[in-house]
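Student: Got a sequence here, can you model it:
(2 chains)
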Amino acid sequence: MDFNLQPDSPEISEFRQEVRAWLAENMKGSEHLRWSGNWSTRENDEEYKFRRALAGKLGKKRWLFPTYPEKYGGAGLSLDHQFVLETEIDRYGLSLGSVFYTLSRLVAPAVMKFGTEEQKAELLPPMTRGELAVWQLLTEPQGGSDVANCQTKAIRDGDVYIVNGQKVLVGHHLPPDFLWTFVCTNPAGKRHENLGWLYIPATLPGITIQHMHLMMGIKNAVFFDNVRVPAKYLVGGENNGWKVANSYLELEHGGGGSVAEHPLFARLIAHCQRTNFDGESLMEDQDVRDVLAEMLIDLDVQRLMGLRNFWHRYVKQPHSYGGPQFLFLQRMVRLRNAERVQKICGYDALAPDDSVHEVADFEYTVRSGPGWLHGGGTLDTDRLIIARRLGLGRPSQEDAPTTV
Amino acid sequence: MDLKLNDDQNMMKKVAADFLKAEAPSHVITEWYQKKIAHLPELYKKTAGVGWLGMMVPDEFGGGGSSATDCAVVFEELGRGPLPGPYFSCGVLAAQLFLEGGSAAQQKSWLPKICDGTAIVIPALSDDPIQFGPKSVQTRAIKSASGFTLSGTKRYVQDGAAASQFICAARSDSGDVVLALVDRNAPGVSVQPVFGFMIGAAEVSFDNVAVGADALIGAVDSGWPVLEAALTKALPILCAYQVGACQEIFEMTNEYTRTRVVFGQPIGRFQRVQDHCVDISIHLDGARWITYETLWKIDSAVAATAGAHQSKAVASEAYYQSCHFAHMVFAGAGTDYKHPLMAHSVLAHALYQYLGTPLFHKRAMIDALYPRKAKVG
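Tutor: Sure thing, here's the model as predicted:
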């Protein structure tokens, strides 16, 4: 076994130097910025503009989706190259998947796997060039975790689908360019066999977007009122949406893996080292050290499960239950760490600090525990999927879908 | 990055599994645990033939010269049994003590015997039953004309009854920990097996036992550092054994959810039952990957002290908790000593204590990463 994240070959090593130099140049001007989380209460325009411009530059360099074929805006590079890009941009506290707010990281693979040649040629390049903000519209008010119970209808009428319905808990504080939307294409059809995915231009008439003010920041409700969507934007075929969803949600559900270190622990250690209580550094307090030990173990287990999933994806042998297991663990760890941070920092854990990246902010951490329990399904849906993949109480085990 | 076992390791794993299937199938092991049989001398000798004793000992001393990861792969299979015996305590930990602190003469004399199974050298470390660590070493080593005189009682020595020799940790007049090699038959040594909700422990007493100066492993003031260095390399192997045990429990429990039918359906269809299996999976995989990352550090000569402590904390807790979750699923049937879960349940409680509890190792991990300031006065 080899856990080394940077066993660079000479060619890869050269590429790493190139990426490092490029980032050093193109990250200039960001020194005073502190990154918002993917779901943020900061709404800092200057930071957003910098990140959006950076995505454009990375896209132009074909480094946003480095492994994609050149004709779709990628660079035809290997996963080793992608790994270099991921780890180098991580040094700045950012990730390729969320340079700025767009879910292209999830949507592009679905188009890649299920799209027709025409769809790929039209839809992929603007996404891979980092030009578009794409939202994912999945959740509905009545549906929640039961995503197959989709009430947003898309009825074929000649060259268009007429879309009516409502989605909630989606997006970001700034408007989108496209809406990757789960719809019901056949209301009379059988469950799981009546669904489809539409790639909807956000500027079409009949679309209304309203902010929702939530624990972790702004999300939106999106209303469709007789929106006429060109039929060519149905991806994966009519009534085949469940299959598309299964494959692509595996990425959202942890199957993509991760290679990044969580910045929270280092910041907490620094806080403990410079904060005194009763004449002694918090770092000398046995109770604090015990809490730190539990936290480090949780974060290391989470890091290694993320690494395991990344590797399984890398060698194209999906781990049967690794995706939902990672997601379940991540939610539980976030919840436990929320309380741990408050235990150690007291009131300071409840006051936001804009001088640090949001993901390492204590107040953000405390909210993230309960506030992120539901994204991409609940804890309980995670466990349901694990149980099916393990074949508990069943004669056979469900396979993990392959991801791109 | 490469997170799979290599071909050789897969082969070693298979050889180990086949050997166990033939020599120590699950129902036989379950019976040994029920009868509190913690050491099978014939089987132990036989395993020397497949190279399980002293795997990490260099070839020149009759060992396998294996990497830590290779050794762990085999121990994972032993843990699935869970095969009882001094495979770890002697074959790994005692061997590492000789390798880290032993003189050339000691290494030459003892390592080959450990590897061929003719000597069973057992570390006898803590006196205190509550916690592991230098403070728990209370047996005295009083300086004598020819060496030392050992006095004290180690109440729970894992694999103590199997020993032909002990490596006794004792406190010298100056307060340092010394490690002394003692023959089990030396005058003043007595060994009394301890029975209870554990397996393999024995009370070992040293009543004015005389040892020569040449019996010390390492210098007078280096006993604990030698032990720490040996533990860093040895503990992850014990953790791999516990990972194998968790894997066995995981598979056994998942299978039971398919075959056990109540209220007209397999119990695995109940989400509360599913939750117990999910919890086992997290303990199992957490222990697995923390342990294998540490093994990789050892094999790559990267500092692994904190990782070894972390592994022991996580793997012992995982084994203990996996048994508890499995008991929730197996319910009454799983509390029968004839059920394979009982062997694991008993052993998990013993290994939770052995060489330090999870709490001890969590603290040692943090202390290794972020040393405390030295107290003044």
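Student: Apart from its chain neighbours, what residue comes closest to A:Pro230?
Tutor: Computed as CB to CB, 6 or more residues apart in numbering or on different chains, the closest residue to A:Pro230 that is not its neighbour in sequence is A:Val160, at 5.9 Å. No exception for glycine: its C-beta is placed from N, CA and C like everyone else's.
Student: Next up, the contacts around the one you found.
Tutor: Contacts of A:Val160 were listed using CB atoms under 8 Å, 6 or more residues apart in numbering or on different chains, and they are A:Arg228, A:Val229, A:Pro230, A:Ala231.
Student: Would you indicate which residues of the helix or strand A:Phe50 falls within are buried?
Tutor: A:Phe50 belongs to helix A:45-60 when assigned by DSSP states H and E. Residues A:Glu47, A:Tyr48, A:Phe50, A:Arg51, A:Arg52, A:Leu54, A:Ala55, A:Gly56, A:Leu58, A:Gly59 are the ones in helix A:45-60 that count as buried (16 or more other CB atoms under 10 Å in any protein chain shown).
Student: Equivalent analysis for stretch B:192-205, please.
Tutor: B:Val194, B:Met198, B:Ile199, B:Gly200, B:Ala201, B:Ala202, B:Glu203, B:Val204, B:Ser205.
Student: Over to stretch A:287-298?
Tutor: Of all the residues in stretch A:287-298, those buried under the rule 16+ other CB under 10 Å are A:Val288, A:Arg289, A:Val291, A:Leu292, A:Ala293, A:Met295, A:Leu296, A:Ile297, A:Asp298.
Student: so what secondary structure elements neighbour the host helix or strand of the third one?
Tutor: Spelled out, that is A:Val291. Secondary structure from DSSP H and E places A:Val291 in helix A:286-314. Helix A:286-314 sits against helix A:264-274, helix A:322-345, helix B:271-299, helix B:305-330, helix B:358-369, with contacts defined as 3 or more CB pairs under 8 Å, 6 or more residues apart in numbering or on different chains; DSSP states H and E.
Student: of these, which approaches A:Gly97 most closely?
Tutor: With respect to A:Gly97, and counting by CB to CB, the nearest of the helices and strands packed on helix A:286-314 is helix A:322-345 at 14.8 Å.
Student: What is that closest one packed up against?
Tutor: Applying 3+ CB pairs under 8 Å, 6+ apart, one finds that helix A:322-345 contacts helix A:264-274, helix A:286-314, helix A:362-371, helix A:379-390, helix B:271-299.
Student: in the chain, which ranges drop under the pLDDT threshold?
Tutor: All of this is about chain A. For chain A, applying pLDDT under 70 flags the ranges A:6-7, A:251-255, A:402-404.
Student: that answer is for a different chain, and I need it for chain B
Tutor: For chain B, the ranges with pLDDT under 70 are B:375-377.
Student: In it, what residue spans correspond to helices?
Tutor: B:7-23, B:26-34, B:41-49, B:68-80, B:95-101, B:104-116, B:223-259, B:271-299, B:305-330, B:340-353, B:358-369 (DSSP state H).
Student: Same question for the stretch 51-200 of chain A.
Tutor: A:79-90, A:104-114, A:117-128 (DSSP state H, counting those that start in this stretch).
Student: could the ones you listed be laid out in a markdown table, adding mean neighbour count?
Tutor: A markdown table is the format used below for the helices of the stretch 51-200 of chain A (neighbours: other CB atoms under 10 Å in any protein chain shown):
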| stretch | mean neighbour count |
| --- | --- |
| helix A:79-90 | 20 |
| helix A:104-114 | 22 |
| helix A:117-128 | 18 |
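Student: For A:His262, state which of the contacts of A:Val160 is nearest.
Tutor: Closest to A:His262, out of all of the contacts of A:Val160 and judged by CB to CB, is A:Val229, at 39.6 Å.
Student: one step back: please identify which of the helices of chain B is closest to B:Pro129.
Tutor: Of all those, it is helix B:340-353 that lies closest to B:Pro129, at 8.2 Å by CB to CB.
Student: I'd like to know which elements that closest one is packed against.
Tutor: helix B:26-34, helix B:223-259, helix B:305-330.
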